[in-house]
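Student: Just a sequence and a predicted model for now, questions to come.
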Amino acid sequence: MGRWQTGITSASEQGQSMLLNRPVTAFMLVLATFIFGYVALNELSVDLLPDIDTPSLLVRTEWSGASAREIETRITEPMEAVLSTIPGVQRVHSFSRQGQGITALEFEWGRDMNLAFLNTREKLDQVRYFMPEQAGRPQLIYTTPTDEPVAVLQVTALGQPDPGFATRLDLKRWTEQVLTRRLEQVDGIAQAVMVGSLTPEVHIRFDPVLADRYGISIQDVQQVIREANVFSASGELRDGWYRYSMNIETRIQSLQDITTLPVSRMEGERIIRLSDIAEVEMGEQDPISFALVDGFTALTVLVKKDYGTNTVTVFQRMLPEIESLSDMYPGISVEVLSESATYIQNTISNLLQTLFIGGILAFLVLFQFLNDPRMPFTIGIAIPVSIFLTFFVMYLGGIQLNIVSLSGLTLGIGLLVDNAIVVLENINRYRKSGSELYQAASAGTREIALAITASTLTTISVFLPLIFLGGFEGAFFRDQAFT
């Protein structure tokens, strides 16, 4: 214990000697701290809450028309049995409803989710062989508590608040082929997802009287359409050293191709086509999701960022792309309905402003109660130096600037002010006893260095366990413990 105390005292004396005897060096250190801290502040990742890599995945499977019981017995139960064998899975649970089954996987904290994603994808490929043919391909989704869109965009045709089917279909194609692709090329944007887009499909309405007259059933028409829409490999053609793959492709390209499909042949060589027994028209699927803006059906795009990127920076990079597309396509309007960057900026700015006001109030209080007016200026310099030094360390440690890390910084500033008051009061006591400024600063600081260090370490020991705390709580409060 004595050796530990001696070490702290010796280090304190060396630091004091260097700062007191070399004022130019001390000034340059303070200036360098401001410069590096300011640069680090501009480079820090800014968000409202810490990015938490939650160890969970969702698997969503669509089966149109299937009941909840069918979804459970033929999809979710077999899927649970297979997915539970993935390494690191702690819990698998699912729920089934009309036309859809969702299975949730919870992994151990600290598990590499990229590897878990790949393992789950391999298992889903195995499950696909045992699923009904009518069921869609399982969709693997990875979400986090902070997986909110950076922005929500509205795509409309200028002058048409409630466009018809053809216009909406054109908007969907433009959004899918132009807008989302351009946005996903922006650095920091992970995905641009359309919501409320229509999916075109062909509607065939049979006339049962005509179909019965010609002896044609719905199954016959299904088989004809299936055979008319084929793509298959048909072998290989060799020409010396060259080999050419051969494919048979007969695909339906237009609505007319469907209406003219021959479904039967009557006596007298008359061909019965699909248009003879049914009405064929282009329509749209029943929407799974939809968006309304000002009471009208709208096409919206959810823009999501990459994990760990700066929300504010990503949004600012996205805006020039939207403006560029608006200039290139004057007939289409892309508006930002909502975005989180402004809210995050305001929240962080308010916290920084509160921190700044607190420092000023502390300075004024000290100026009022300390006899020497020079001492509050010492604390007034120490507070911003400590803040900018913390920003630099946060940048080196990859810590985000969010409300949690700023709350820890606020607590640290309070501790700094308390310690500074104790040190300055002790220096002031030596000054009153007749000591010179240099001697008072050296002796006053050296006398209570051990006590101040012990007090600070006691406070740190309270927050230190948060760094090693596991689970969601540890991931959420770790930034506060570091700052």
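Tutor: Ah, there it is.

Student: show me the contacts for residue 415.
Tutor: Residues near residue 415 by Cβ atoms under 8 Å, 6 or more residues apart in numbering: 456, 459. Where you see a C-beta, it was placed from the backbone N, CA and C, and this is true even at glycine.

Student: three-state assignment of it?
Tutor: helix (DSSP: H, G, I helix; E, B strand; the rest coil).

Student: so what's residue 479 closest to, chain neighbours aside?
Tutor: Spatial nearest neighbour of residue 479, excluding adjacent residues (Cβ to Cβ, 6 or more residues apart in numbering): residue 405 at 4.0 Å.

Student: mind listing what's buried in the helix or strand containing that neighbour?
Tutor: Counting by DSSP states H and E, the element that carries residue 405 is helix 403-432. For helix 403-432, the neighbour count (16 or more other Cβ atoms under 10 Å) marks 403-406, 408-410, 412-413, 416-417, 419-421, 423-424, 426-428, 430-431 as buried.

Student: The stretch 151-300 of the chain: helices as residue ranges?
Tutor: For the stretch 151-300 of the chain, the helices defined by DSSP state H, counting those that start in this stretch cover 165-174, 180-184, 208-213, 218-228, 255-259, 274-277.

Student: just to revisit the earlier point, isn't the residue nearest to residue 479 up against residue 399?
Tutor: Yes: under the contact definition of Cβ atoms under 8 Å, residue 405 touches residue 399, with a separation of 5.8 Å.

Student: list the residues that contact both of those two?
Tutor: In contact with both residue 405 and residue 399: 479, 482-483, using Cβ under 8 Å, 6+ apart.

Student: I'd like to know which helix or strand in the chain has the lowest mean pLDDT.
Tutor: helix 2-21 (a mean of 57; mean pLDDT, DSSP states H and E).

Student: Flag every buried residue along the helix or strand following that helix.
Tutor: Using DSSP H and E, the helix or strand that follows helix 2-21 in sequence is helix 23-43. Judged by neighbour count using 16+ other Cβ under 10 Å, the buried positions of helix 23-43 are 30, 33, 36-37, 40-41.

Student: And for stretch 68-80?
Tutor: Applying 16+ other Cβ under 10 Å to stretch 68-80 flags 70-72, 74-76, 79-80 as buried.

Student: what's the answer for stretch 465-474, then?
Tutor: 466, 474.

Student: For residue 68, list the residues it contacts.
Tutor: Residue 68 touches 96-98, counting by Cβ under 8 Å, 6+ apart.

Student: Now do the same for the closest residue to it other than its chain neighbours: its pLDDT.
Tutor: Leaving aside its chain neighbours, residue 68 sits nearest to residue 96 (4.8 Å; criterion: Cβ to Cβ, 6+ apart). The confidence metric pLDDT takes the value 85 at residue 96.

Student: Sheet partners, orientation included, of the one helix or strand residue 96 maps to?
Tutor: Using DSSP H and E, residue 96 sits in strand 89-97. Strand 89-97 pairs in its sheet with strand 100-107 (antiparallel), by DSSP bridges.

Student: now whichever helix or strand comes after the partner strand against strand 89-97, angle please.
Tutor: Next along the chain after strand 100-107, taking DSSP H and E as the criterion, comes helix 113-128. Relative orientation of helix 113-128 and strand 89-97, computed by axes from the mean of the first three to the mean of the last three Cα atoms, to 10 degrees: 50 degrees.

Student: Which of the residues in helix 113-128 are classified as buried?
Tutor: Neighbour-count burial for helix 113-128 [16+ other Cβ under 10 Å]: 113, 116, 119-120, 123-124, 127.

Student: how far is the helix or strand harbouring residue 454 from where the chain is centred?
Tutor: Assigning secondary structure by DSSP H and E places residue 454 in helix 437-468. Here helix 437-468 shows a centroid-to-chain-centroid distance of 40 Å under the convention Cα atoms, centre = their mean, to the nearest Å.

Student: got it, and stretch 257-275?
Tutor: 54 Å.

Student: ok, and what's touching that stretch?
Tutor: Counting by Cβ under 8 Å, 6+ apart, 202, 204, 214-216, 220-221, 224-225, 228, 252, 277, 280 sit against stretch 257-275.

Student: What are the buried residues along that stretch?
Tutor: Buried residues in stretch 257-275, counted by 16+ other Cβ under 10 Å: 258-259, 261, 263-264, 272, 274.

Student: Closest one of those to residue 364?
Tutor: Lowest distance from residue 364 to the buried residues of stretch 257-275 (Cβ to Cβ) belongs to residue 258, with 81.0 Å.

Student: hmm, which of the contacts of residue 68 are the buried ones?
Tutor: residue 96.

Student: Format the contacts of residue 68 as JSON lines; extra columns: distance to residue 47.
Tutor: JSON lines is the format used below for the contacts of residue 68 (distance: Cβ to Cβ, whole Å):
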{"residue": "96", "distance to residue 47": "35"}
{"residue": "97", "distance to residue 47": "34"}
{"residue": "98", "distance to residue 47": "37"}
